[in-house]
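# give the three-dimensional model of this entry:
(one chain, ligands or ions: 1)
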Amino acid sequence: MIYNRKPLQLISIDRALMKRWLAQALLLLCVQVCTMLPIATRTIADTAPLKIVATTGIVADLCKELGGSLVQVEALMGPGVDPHLYKATHGDLGSLRSADAIVFNGLHLEGKLSDILAALRTDKPVLALGELLPADRLLVVDPASKSIDPHIWFDVSLLAETIPGLTQFLVELLPGHAQTLRMQETALLGRFNELHRWAKAELSRLPEGRRVLVTAHDAFGYFGRAYGLEVHGLQGVSTAVEYGVHDIARIVELVVERKLPAIFVESSVPQRFVEAVIEGSRARGHIVALGGELYSDALGEPGSEAATYMGMVRHNVRHIVSALAPKAD
Ligand SMILES: [Zn+2]
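Coordinates of the predicted model:
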């Protein structure tokens with residue numbers, strides 16, 4: 001009797017936890033079984049279009065821009081989806097299984113997909129863009145844990161540094177198209193360079209005291225470093241860690257103290273986070289406006305300006321400049 005009772009008690013206490021473990025274990029098992037399929041189903045021929053599965057819309061768009069008609073790209077995460085919290089569906093596993101290659105951001109952005117992506121790595125070409133960057137170009141957010149800020153796409157010149165590595169990855173899979181891919185690489189690097197310079201010029205119009213960006217989560221560290229803005233997030237670099245009352249108080253203090261004219265919401269993070277700061281500031285006698293919606297970790301809806309990476313950068317820069325610039329009245 002005693003032998004039977006103990007495990008039963010444990011199961012009832014940790015049922016939710018066990019369910020999560022079981023679900024995760026099943027997904028992993030699924031991936032592992034799938035990757036044990038006969039070699040013939042996994043051999044990659046040098047034939048375009050190459051089927052690429054990317055995690056975020058941003059990674060997918062970069063692959064599309066570079067590969068053009070030589071690639072067929074599917075993004076697992078659509079508009080408004082938060083990659084920090086995203087869990088793979090069974091449909092995703094099918095997509096990952098049938099892909100010729102997989103590209104993801106890495107640096108723990110896709111926290112809950114890490115095990116699945118690692119399992120697939122032993123079997124098919126998988127590339128993490130973050131791993132293409134030298135350590136001295138990355139921002140360490142917590143020296144104790146040495147955790148790295150994964151939001152590399154906020155500095156256009158930094159994301160551009162991944163293009164040669166991504167090109168090489170595609171060239172190895174499509175050697176017959178190496179020349180076309182190299183030409184597309186050169187063209188894309190030119191467009192990235194132009195976008196980076198435009199963003200720098202636009203943001204340099206903001207006076208010194210207005211170069212403070214407050215957002216829902218700390219996604220804009222690379223943006224701040226590249227374009228000369230001080231950045232503050234209500235949540236940390238990952239939305240997986242909930243914000244607390246002291247985070248709201250800290251940001252309200254900053255907004256009131258520095259008389260900030262506007263703060264921003266993000267398309268992939270709930271708006272209530274930022275609304276709490278607006279309320280708190282009002283209670284302290286300072287009216288701070290909602291500077292509009294910025295795209296942080298996900299692209300916009302198809303057809304919108306932010307449906308592409310470059311459009312997303314232009315949207316964010318324009319919104320930031322217009323909300324933070326002194327009004328001529
Ligand atoms: Zn993020």
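# so which strand or helix has the most centrally placed residue in the chain?
Centroid-nearest residue in the chain: D297, 4.0 Å away (criterion: CA atoms, centre = their mean). Element membership for D297, per DSSP states H and E: none, as it lies in no helix or strand.
# per-residue confidence at the single nearest residue of the stretch 101-250 of the chain relative to the ion?
As assessed by CB to the ion, the ion sits closest to A219 within the stretch 101-250 of the chain, at 4.2 Å. (C-beta placed from N, C-alpha, C; glycine too.) A219 is assigned a pLDDT of 93 by the prediction.
# was I right to think it contacts I152?
No - in this structure, A219 is not within contact of I152 by CB atoms under 8 Å, at 10.6 Å.
# what about the longest helix in this protein?
helix 178-203 (DSSP state H).
# so what's the residue nearest to the centre of the chain up against?
For D297, the contact set (CB atoms under 8 Å, 6 or more residues apart in numbering) comprises T56, I58, D82, P83, H84, L109, H151, A219, E266, S268.
# specify the local secondary structure of the last one.
Classification of S268 by DSSP: H, G, I helix; E, B strand; the rest coil places it in coil.
# that one against L299, yeah?
No - counting by CB under 8 Å, S268 stays clear of L299, with 9.6 Å between them.
# my read is A328 is in a helix, agree?
No - applying three-state DSSP, one finds A328 to be coil, outside a helix.
# distance of it from the ion?
34 Å (CB to the ion, to the nearest Å).
# count of residues packed around that residue?
4 (other CB atoms under 10 Å).
# make a markdown table out of the contacts of D297 and add neighbour count.
Output for the contacts of D297, formatted as a markdown table (neighbours: other CB atoms under 10 Å):
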| residue | neighbour count |
| --- | --- |
| T56 | 27 |
| I58 | 28 |
| D82 | 20 |
| P83 | 27 |
| H84 | 22 |
| L109 | 29 |
| H151 | 25 |
| A219 | 28 |
| E266 | 25 |
| S268 | 25 |
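# looking at those residues, which is nearest the ion?
Of these, the one sitting nearest to the ion (CB to the ion) turns out to be A219, at 4.2 Å.
# and V214, what are its bridge partners?
For V214, the beta-bridge partners are H232 (DSSP bridges).
# list the contacts of it.
V231, H232, G233, L234, I251, L254, V255, L260, I263, F264, V277.
# what sits against the fourth one?
When contacts are counted by CB under 8 Å, 6+ apart, L234 touches V214, T215, A216, H217, Y243, D247, I248, I251, F273, V274, V277.
# list the contacts of the second one.
Residues counted as contacts of T215 (CB under 8 Å, 6+ apart) are V231, H232, G233, L234, I263, F264, V265, E266, V274, L294, S296.
# so which of those wins on neighbours?
S296 (28 neighbours).
# OK, contacts around it?
Contacts of S296 (CB under 8 Å, 6+ apart): H151, T215, A216, H217, A219, F220, E266, S267, S268, V269.
# these two touch, right, G300 and M310?
No - G300 lies out of contact with M310 (CB under 8 Å); the separation is 11.9 Å.
# returning to what we had before: what secondary structure does the residue of the stretch 101-250 of the chain closest to the ion sit in?
With three-state DSSP as the criterion, A219 reads coil.
# quick one: residues contacting it.
Per CB under 8 Å, 6+ apart, neighbours of A219: H151, F154, G233, V237, E266, S296, D297.
# ok, now R258?
Neighbours of R258 in contact, by CB under 8 Å, 6+ apart: G209, V212.
# now do the strands in the chain.
50-54, 71-75, 101-104, 126-128, 140-142, 147-148, 212-217, 230-235, 262-266, 289-294 (DSSP state E).
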